[in-house]
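In: Need the 3D shape of this:
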Amino acid sequence: MQPLDPLTMPLYGRRLLEASAGTGKTYTLALLFLRLVLERQLSVDRILVVTFTRAATGELRDRIRTRVREALDALDSATTDPLLAALLGRVEPAPARQLLADALAQMDEAAICTIHGFCQRILQENAFESGAPFAAEFLEHEDDLRRQVIEDFWRNRFYPAPPEEAAWATATWGEPATLLQRLGRATSALEVELLPAEDTHLVKALDKQSREELAAVRSHWPRVRAEVTGILHDTGNRLKRSEKSYRLVDQVPQLLADMERLADGTDLPPVLPAGINKLAAPVMATLLNKRGTQPDHPFFDLFGRFYESFSCLRKQQTINLLHEARRFLLTELDRRKRGQGVIAFDDLLTRLDTALEQPGRGKQLAERIFDRYSAALVDEFQDTDPLQYRVFSRIFDRDNGALFLIGDPKQAIYSFRGADIFTYVRARRETPEANRYTMTINYRATAAMVKAVNRLFSLRPDAFIFTEGIVFQPVQAAKEARGPLMVDHEEVRPFTALLLDGDQNGPKALAKNEALPLAVARCAAEIVRLLAAADLGQATIGNKTLTAGDIAVLVRTHREADAVQAALRAHGLTSVTLVQASVFATAESRQLAQVLPAL
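Out: I've put the predicted structure just below:
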């Protein structure tokens with residue numbers, strides 16, 4: 001991996017630019033845009049810039065426009081930006097002035113968009129080649145349609161089903177909405193192998209085995225009822241007698257009553273009663289005290305074998321049904337949207353990918369797109385999925401093309417926010433080593449913080465697990481890095497761990513509900529201490545006095561955020577929280593809803 005020099009990197013071919021946070025990724029992207037305008041003399045509408053949110057596209061457009069304006073101004077006056085000065089120093093001023101003026105005038109035509117915006121534009125402009133409808137209505141939310149489809153699946157699948165199967169579906173999901181919720185991200189993850197896999201043969205074998213073993217349990221129960229009852233009530237054995245095990249006052253009577261109902265049945269139950277697994281020998285072995293004797297009776301082994309096969313049966317049935325529901329949902333969704341002439345966000349990508357796969361016509365479509373856009377810069381590439389990567393590769397991965405993939409590989413591990421580590425690893429592997437670059441200077445953090453991060457993540461070669469595709473690249477702090485946090489004329493260490501004192505809890509670790517208020521109080525107290533020092537002029541960042549706006553508290557849940565905010569409020573400090581909840585779910589909205597009818 002070679003350090004990136006944005007002025008000498010070739011402007012052709014596939015280039016992978018790995019950029020950690022604070023290393024000037026957006027600055028570099030804007031500089032590459034300038035080079036494409038000045039050196040390759042591409043008009044702004046022929047340079048595709050793709051990122052993954054609408055907010056990011058607006059910021060990128062503003063940054064690129066500002067960069068073009070700065071370059072145009074720098075042709076007539078000196079600039080303090082050494083890279084910009086070096087770039088302008090190797091082009092003819094008069095042609096450069098015209099190119100930059102044209103770029104600035106045409107900036108509203110610049111192709112700076114989200115991946116879905118790009119696909120939508122291509123499908124609309126190339127409806128014939130892509131096979132897309134000429135006048136499709138855009139469906140921003142398809143939740144209602146998904147709900148209708150899954151309700152139809154439920155009716156088709158379970159209304160005519162045998163009573164035993166219908167009872168199992170009702171006990172497992174209750175209603176179609178729960179089934180749709182259980183499918184989760186599997187309905188949007190298209191290019192994946194879903195695990196565990198379907199296995200209809202295994203279901204048939206487990207069903208036969210479970211019925212035979214349940215028949216044996218029912219046959220034995222009348223003969224062993226008294227013996228098992230005696231064992232469960234015997235206080236001389238090793239059975240635990242807590243509310244979660246074999247408490248005599250309620251748990252044992254309930255366990256025996258559940259076994260009686262199971263023995264009286266004739267079919268497989270939809271689900272087993274909660275807690276009846278305590279009659280299985282393997283489960284019983286985990287609920288023993290140290291003293292006394294362990295219960296030993298053949299019935300516990302017999303019930304254990306039934307419980308194991310029945311649990312495996314219901315698990316595999318659930319897996320099979322989820323696969324079946326997903327297939328129905330995806331197929332029927334596509335059919336209904338095409339029939340209704342609507343198209344949703346994910347359809348934009350899948351339909352463009354399908355169009356590019358078509359023999360003959362797909363290649364022609366790729367050529368038309370490439371004729372329109374000669375270069376593509378993909379920002380936040382670590383969030384790219386296999387479908388998106390394939391689309392860009394088919395269009396721009398050619399000798400005379402220019403495909404710049406810009407992202408932070410360390411963020412590719414965050415699947416919860418849509419990143420796909422395997423796509424990133426594949427892209428890195430398919431990019432020649434000479435075409436891989438890393439940005440080595442951090443302009444955001446202090447020198448001490450950069451040193452601490454380098455030290456922490458260099459302790460293990462497998463810090464990010466996927467050592468083949470993600471190798472930690474140490475960075476350097478910029479010479480003009482911001483000054484450190486100083487309190488009482490001493491520099492605060494960049495990484496400081498505040499550990500709660502567990503001595504008050506004895507040898508036991510603190511539980512979450514005990515640790516949260518202690519951590520919140522400690523956090524609030526530290527913030528109060530820093531701001532109090534700032535009021536006395538004894539807490540600074542560089543040459544600037546520390547303010548409340550310089551402090552951020554990162555939490556994992558909204559509940560923790562509310563707790564921190566309440567603690568700060570108790571000290572007279574106001575704060576702002578960033579949440580994803582709807583404004584209509586707030587107490588203020590409910591109060592306003594009451595006021596409006598009154599008015």
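
In: Now do the same contact list for C312.
Out: The contact partners of C312, by Cβ atoms under 8 Å, 6 or more residues apart in numbering, come to L206. The C-beta positions use only the backbone N, C-alpha and C, and glycine is treated the same way.

In: Mean pLDDT per helix and strand in the protein: which one sits at the bottom?
Out: Taking mean pLDDT, DSSP states H and E as the measure, helix 127-130 is the helix or strand of the chain with the lowest mean score, a mean of 75.

In: mind checking how far the residue lying farthest from the centre of the chain is from R398?
Out: Note on the chain: the largest C-alpha distance from the chain mean falls to R223, namely 55.0 Å (Cα atoms, centre = their mean). R223 sits 78 Å away from R398 when distances are taken as Cβ to Cβ, to the nearest Å.

In: those helices in the stretch 101-250 of the chain, which residues are they?
Out: Assigned by DSSP state H, counting those that start in this stretch, the stretch 101-250 of the chain shows helices spanning 115-125, 127-130, 143-158, 163-172, 176-183, 200-233.

In: of those helices, which approaches L348 most closely?
Out: Each of these was checked against L348 via Cβ to Cβ, and the shortest separation belongs to helix 115-125, namely 3.9 Å.

In: Report the mean confidence score over the closest one.
Out: In this model, helix 115-125 carries a mean pLDDT of 89.

In: Show me the contact partners of it.
Out: Surrounding helix 115-125, the residues in contact under the criterion Cβ under 8 Å, 6+ apart are 48, 50, 52, 57, 111, 113, 130, 132, 138, 343, 345, 348-349, 351-352, 355, 369, 372, 388, 391.

In: what's the answer for stretch 265-284, then?
Out: Under the criterion Cβ under 8 Å, 6+ apart, residues 164, 167-168, 170-172, 207, 210-211, 214, 218, 228, 239, 245-246, 251, 254-255, 258-259, 261-262, 287, 295, 299-301, 303-304, 307-308, 310, 314 lie in contact with stretch 265-284.

In: what does stretch 487-501 give?
Out: Applying Cβ under 8 Å, 6+ apart, the set of residues contacting stretch 487-501 is 446, 448-449, 451-452, 456, 484-486, 510, 515, 518-519, 522-523, 526, 530, 533, 538-539.

In: at 7 Å instead, please
Out: 446, 448-449, 452, 484-485, 510, 515, 518-519, 522, 530, 533, 538-539 (Cβ atoms under 7 Å, 6 or more residues apart in numbering).

In: Just the buried residues of it, please?
Out: If you call a residue buried by 16 or more other Cβ atoms under 10 Å, then stretch 487-501 has these buried ones: P494.

In: any low-confidence regions in the chain?
Out: Counting by pLDDT under 70, the chain contains low-confidence residues at 133-134, 416-418, 502-507.

In: what about Q594, distance to E588?
Out: 11 Å.

In: Likewise for L88?
Out: Per Cβ to Cβ, L88 is found 53 Å from E588.

In: what about the two, which has more around it?
Out: L88 (20 against 9; other Cβ atoms under 10 Å).

In: excluding its backbone neighbours, what's nearest E70?
Out: When the adjacent residues along the chain are set aside, E70 lies closest to L84, with 6.6 Å between them (Cβ to Cβ, 6 or more residues apart in numbering).

In: sec struct for that neighbour, please.
Out: helix (DSSP: H, G, I helix; E, B strand; the rest coil).

In: Quick check, it in contact with A74.
Out: Yes. Using Cβ atoms under 7 Å as the test, L84 is close enough to A74 to be in contact (5.8 Å).

In: Now do the shared contacts for the two.
Out: In contact with both L84 and A74: no residue, using Cβ under 7 Å, 6+ apart.

In: mind listing the strands in the stretch 1-150 of the chain by residue range?
Out: With DSSP state E, counting those that start in this stretch as the definition, the stretch 1-150 of the chain shows strands at residue ranges 2-3, 13-18, 47-51, 111-114, 137-139.

In: Identify all contacting residues around the first one.
Out: Applying Cβ under 7 Å, 6+ apart, the set of residues contacting strand 2-3 from outside is 437-438, 440.

In: Can you list which of those are found in strands?
Out: The subset of the contacts of strand 2-3 located in strands under the criterion DSSP state E comprises 437-438.

In: Can you say which of the contacts of strand 2-3 are buried?
Out: Under a neighbour-count criterion of 16+ other Cβ under 10 Å, the subset of those counted as buried comprises 437-438, 440.

In: Kindly present those residues as CSV, with separate columns for distance to R146.
Out: Conversion of these to CSV gives the following (distance: Cβ to Cβ, whole Å):
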residue, distance to R146
Y437, 42
T438, 42
T440, 46
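
In: for the closest residue to V475 other than its chain neighbours, what are its contacts?
Out: Counting by Cβ to Cβ, 6+ apart, the nearest residue to V475 once its immediate chain neighbours are dropped is N442, at 4.7 Å. Listed by Cβ under 7 Å, 6+ apart, the contact partners of N442 are 20, 22-23, 450, 475-478.

In: follow-up on the earlier one: can you tell me which of the strands of the stretch 1-150 of the chain is most buried?
Out: Mean neighbour counts were taken over these using mean count of other Cβ atoms under 10 Å, and the top value, a mean of 25, falls to strand 47-51.

In: How about the contacts made by the spatially closest residue to V49 that is not a sequence neighbour?
Out: What sits nearest to V49 in space, not counting adjacent residues and going by Cβ to Cβ, 6+ apart, is I112, at 4.4 Å. Applying Cβ under 7 Å, 6+ apart, one finds that I112 lies in contact with 49, 57, 60-61, 64.
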